[in-house]
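Engineer: Give the three-dimensional model of this entry:
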Amino acid sequence: MSDYRVGIGYDLHRTAAGRPLVLGNVKIEHTVGLSGHSDADVVLHALIDAITGAAGLPDVGEMFPNTDPKYKNIDSAELLRGALGELAKTGWEISNVDVVIIAQAPKISPYKPAMLRRLSELLDIAAEYINIKAKTKEHVDAVGEERAIACHCVVLLRRG
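Structural biologist: Residues are numbered from 1 along each chain as shown. As a prediction, the model looks like this:
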């Protein structure tokens, strides 16, 4: 049996007027936010799925169903804390995290240092074990037309 496991996570939410844009648990200045039952933070949702996938745990939608009113408008950091609590029971711990945010707008670069700090705090791992990248869709599809923002995340777990 291996002492390492890899998980991949993905999330996408539609843009929505009148909602804040939160990515990586950082509020981003933008004209629209993301639509969702929670705060719709695609970064944390993809991260949760990568963590739980690697650990063999239920995904974000199973752990925190959008049919449950207690999760309405919840800060996704609370969901991540719940998933990390479940991870702690498995004997696995996070080795490193790789995040790709896909958004035509806004520009993510100015917010990457704050996101990196916040993810480091939430995961309780050094920032050097976290990487955040941003890509556009070259004006192609819903993301490229600024109707959605997506995120991919890969997590490597190691035996604790």
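Engineer: just checking, next helix/strand downstream of the helix or strand of the chain with the lowest mean pLDDT?
Structural biologist: Within the chain, no helix or strand scores below helix 60-63, which has a mean of 94 by mean pLDDT, DSSP states H and E. The helix or strand immediately downstream of helix 60-63 is helix 76-88, counting by DSSP states H and E.
Engineer: which of the residues in that following helix are buried?
Structural biologist: 76-77, 79-80, 83-84, 87 (16 or more other Cβ atoms under 10 Å). C-betas here are computed from N, CA, C, even on glycine.
Engineer: for the least confident helix or strand of the chain, packing partners?
Structural biologist: helix 42-55, helix 76-88 (3 or more Cβ pairs under 8 Å, 6 or more residues apart in numbering; DSSP states H and E).
Engineer: Identify the residues contacting residue 54.
Structural biologist: 5-7, 92, 155-157 (Cβ atoms under 8 Å, 6 or more residues apart in numbering).
Engineer: contacting residues around the closest residue to residue 17 other than its chain neighbours?
Structural biologist: For residue 17, ignoring the flanking residues on the chain, the nearest one in space by Cβ to Cβ, 6 or more residues apart in numbering is residue 32 at 5.4 Å. Contacts for residue 32 (Cβ under 8 Å, 6+ apart) come out as 15-17, 19, 21, 146.
Engineer: Thank you, goodbye.
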